[in-house]
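K.L.:
got a predicted structure plus its sequence, pasted below:
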Amino acid sequence: QVQLVESGGGLVQTGGSLRLSCAASGRSLNMFTVVWYRQAPGKEREFVAAIRRSADTTFYADSVKGRFSISRDTADNTVKLQMNSLKPEDTAVYSCAADDSAFTNIYSPRAFDYWGQGTQVTVSS
(Lines give C-alpha, C1' and ligand atoms only; values in the text may rest on other atoms or scores of the structure.)
Protein backbone atom coordinates (compact mmCIF):
# COMPACT_ATOMS: atom_id res chain seq x y z
CA GLN A 1 0.00 0.00 0.00
CA VAL A 2 1.10 3.53 -0.71
CA GLN A 3 -0.74 6.78 -0.07
CA LEU A 4 -0.22 9.69 -2.44
CA VAL A 5 -0.77 13.38 -1.76
CA GLU A 6 -0.31 16.12 -4.33
CA SER A 7 0.59 19.71 -3.53
CA GLY A 8 1.87 22.82 -5.26
CA GLY A 9 -1.10 23.78 -7.37
CA GLY A 10 -2.45 27.30 -7.55
CA LEU A 11 -3.24 30.29 -9.72
CA VAL A 12 -0.54 31.60 -12.05
CA GLN A 13 -0.42 33.94 -15.02
CA THR A 14 0.36 32.81 -18.55
CA GLY A 15 4.09 32.19 -18.88
CA GLY A 16 4.51 31.48 -15.19
CA SER A 17 5.77 28.39 -13.42
CA LEU A 18 4.57 25.97 -10.78
CA ARG A 19 6.13 22.90 -9.23
CA LEU A 20 3.81 20.11 -8.24
CA SER A 21 4.80 17.49 -5.72
CA CYS A 22 3.50 13.95 -5.30
CA ALA A 23 4.36 12.77 -1.82
CA ALA A 24 4.19 9.14 -0.79
CA SER A 25 3.79 7.44 2.52
CA GLY A 26 3.91 3.77 3.24
CA ARG A 27 6.56 2.82 0.70
CA SER A 28 9.40 4.36 -1.25
CA LEU A 29 8.33 5.92 -4.54
CA ASN A 30 11.58 4.61 -6.03
CA MET A 31 9.77 1.26 -6.26
CA PHE A 32 7.01 2.67 -8.46
CA THR A 33 6.35 3.94 -11.92
CA VAL A 34 4.73 7.33 -11.32
CA VAL A 35 2.60 9.35 -13.68
CA TRP A 36 0.88 12.71 -13.73
CA TYR A 37 -2.52 13.03 -15.36
CA ARG A 38 -4.74 16.06 -15.63
CA GLN A 39 -8.42 16.62 -16.16
CA ALA A 40 -10.04 19.86 -17.25
CA PRO A 41 -13.77 20.49 -16.78
CA GLY A 42 -15.80 18.64 -19.39
CA LYS A 43 -12.76 16.82 -20.75
CA GLU A 44 -11.34 13.35 -20.35
CA ARG A 45 -8.40 12.61 -18.13
CA GLU A 46 -5.19 13.30 -20.07
CA PHE A 47 -1.70 11.86 -19.68
CA VAL A 48 0.91 14.50 -18.85
CA ALA A 49 4.19 12.86 -17.82
CA ALA A 50 5.66 9.67 -16.40
CA ILE A 51 8.82 8.34 -14.82
CA ARG A 52 9.41 4.63 -14.91
CA ARG A 53 10.53 2.46 -12.05
CA SER A 54 14.17 1.34 -12.11
CA ALA A 55 15.50 3.08 -15.22
CA ASP A 56 13.83 6.43 -14.41
CA THR A 57 13.03 6.86 -18.09
CA THR A 58 10.73 9.84 -18.57
CA PHE A 59 7.86 10.41 -20.97
CA TYR A 60 5.83 13.49 -21.82
CA ALA A 61 2.69 14.37 -23.69
CA ASP A 62 3.44 16.33 -26.83
CA SER A 63 1.47 19.26 -25.44
CA VAL A 64 3.89 19.71 -22.52
CA LYS A 65 7.18 18.52 -23.99
CA GLY A 66 9.91 21.08 -23.50
CA ARG A 67 7.91 22.93 -20.83
CA PHE A 68 7.32 20.32 -18.11
CA SER A 69 9.86 18.14 -16.35
CA ILE A 70 9.24 15.11 -14.10
CA SER A 71 11.81 13.95 -11.57
CA ARG A 72 12.26 11.95 -8.39
CA ASP A 73 13.39 13.44 -5.10
CA THR A 74 14.56 10.57 -2.95
CA ALA A 75 15.34 12.87 -0.02
CA ASP A 76 11.65 13.47 0.67
CA ASN A 77 10.13 10.51 -1.19
CA THR A 78 8.37 12.60 -3.80
CA VAL A 79 8.01 12.92 -7.54
CA LYS A 80 8.04 16.49 -8.77
CA LEU A 81 6.47 18.01 -11.86
CA GLN A 82 8.14 21.27 -12.80
CA MET A 83 5.84 23.24 -15.07
CA ASN A 84 7.23 26.23 -16.96
CA SER A 85 5.81 28.53 -19.63
CA LEU A 86 2.30 27.72 -18.49
CA LYS A 87 -0.62 28.34 -20.80
CA PRO A 88 -4.36 28.73 -20.11
CA GLU A 89 -4.91 25.32 -21.70
CA ASP A 90 -2.82 23.78 -18.91
CA THR A 91 -5.64 24.62 -16.47
CA ALA A 92 -6.85 21.38 -14.90
CA VAL A 93 -6.84 19.22 -11.81
CA TYR A 94 -3.49 17.43 -11.76
CA SER A 95 -3.27 14.00 -10.15
CA CYS A 96 -0.39 11.65 -9.60
CA ALA A 97 -0.68 7.89 -9.71
CA ALA A 98 1.67 5.02 -9.02
CA ASP A 99 2.08 1.38 -9.96
CA ASP A 100 4.80 -1.00 -8.81
CA SER A 101 5.52 -2.42 -12.26
CA ALA A 102 8.31 -1.12 -14.50
CA PHE A 103 6.18 -2.07 -17.53
CA THR A 104 2.91 -0.38 -16.68
CA ASN A 105 1.00 1.11 -19.59
CA ILE A 106 1.53 4.72 -18.61
CA TYR A 107 -1.12 5.90 -21.10
CA SER A 108 -3.91 3.96 -19.39
CA PRO A 109 -5.23 5.39 -16.10
CA ARG A 110 -6.78 2.02 -15.28
CA ALA A 111 -3.29 0.51 -15.05
CA PHE A 112 -2.59 2.46 -11.88
CA ASP A 113 -3.66 1.22 -8.47
CA TYR A 114 -2.78 4.24 -6.36
CA TRP A 115 -3.99 7.79 -6.89
CA GLY A 116 -3.76 11.06 -5.04
CA GLN A 117 -6.68 13.41 -4.55
CA GLY A 118 -5.49 15.96 -7.11
CA THR A 119 -4.39 19.59 -7.02
CA GLN A 120 -5.92 22.44 -9.01
CA VAL A 121 -3.77 24.37 -11.46
CA THR A 122 -5.29 27.51 -12.95
CA VAL A 123 -3.48 29.58 -15.57
CA SER A 124 -4.97 33.00 -16.24
CA SER A 125 -4.65 34.70 -19.62
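P.N.:
Arrived safely, thanks for sending. Bear in mind that the values here come from a model prediction, so they are computed numbers and not experimental data.
K.L.:
low pLDDT regions in this protein?
P.N.:
Along the chain, no part satisfies pLDDT under 70.
K.L.:
show me what the most centrally placed residue in the chain is bridged to.
P.N.:
Residue closest to the mean C-alpha point of the chain, counted by Cα atoms, centre = their mean, is Trp36 at 2.4 Å. Going by DSSP bridges, Trp36 is paired in beta bridges with Ala49, Cys96.
K.L.:
ok, now how distant is Ser21 from Thr33?
P.N.:
17 Å (Cβ to Cβ, to the nearest Å). No exception for glycine: its C-beta is placed from N, CA and C like everyone else's.
K.L.:
kindly report the same for Ala92.
P.N.:
Applying Cβ to Cβ, the value for Ala92 to Thr33 is 21 Å.
K.L.:
again, but for Tyr107
P.N.:
Noted for Tyr107: a distance of 12 Å to Thr33, by Cβ to Cβ.
K.L.:
and these two? Which one has more around it.
P.N.:
In this view Tyr107 and Thr33 are compared by other Cβ atoms under 10 Å, and Thr33 has more residues nearby, 25 against 12.
K.L.:
isn't that one up against Ile106?
P.N.:
Yes: using Cβ atoms under 8 Å, Thr33 makes contact with Ile106 at a distance of 6.7 Å.
K.L.:
hey, what's in contact with both of those two?
P.N.:
Both Thr33 and Ile106 are in contact with Ala50, Arg52, where contact means Cβ atoms under 8 Å, 6 or more residues apart in numbering.
K.L.:
number of residues surrounding Glu89?
P.N.:
With other Cβ under 10 Å as criterion, Glu89 counts 11.
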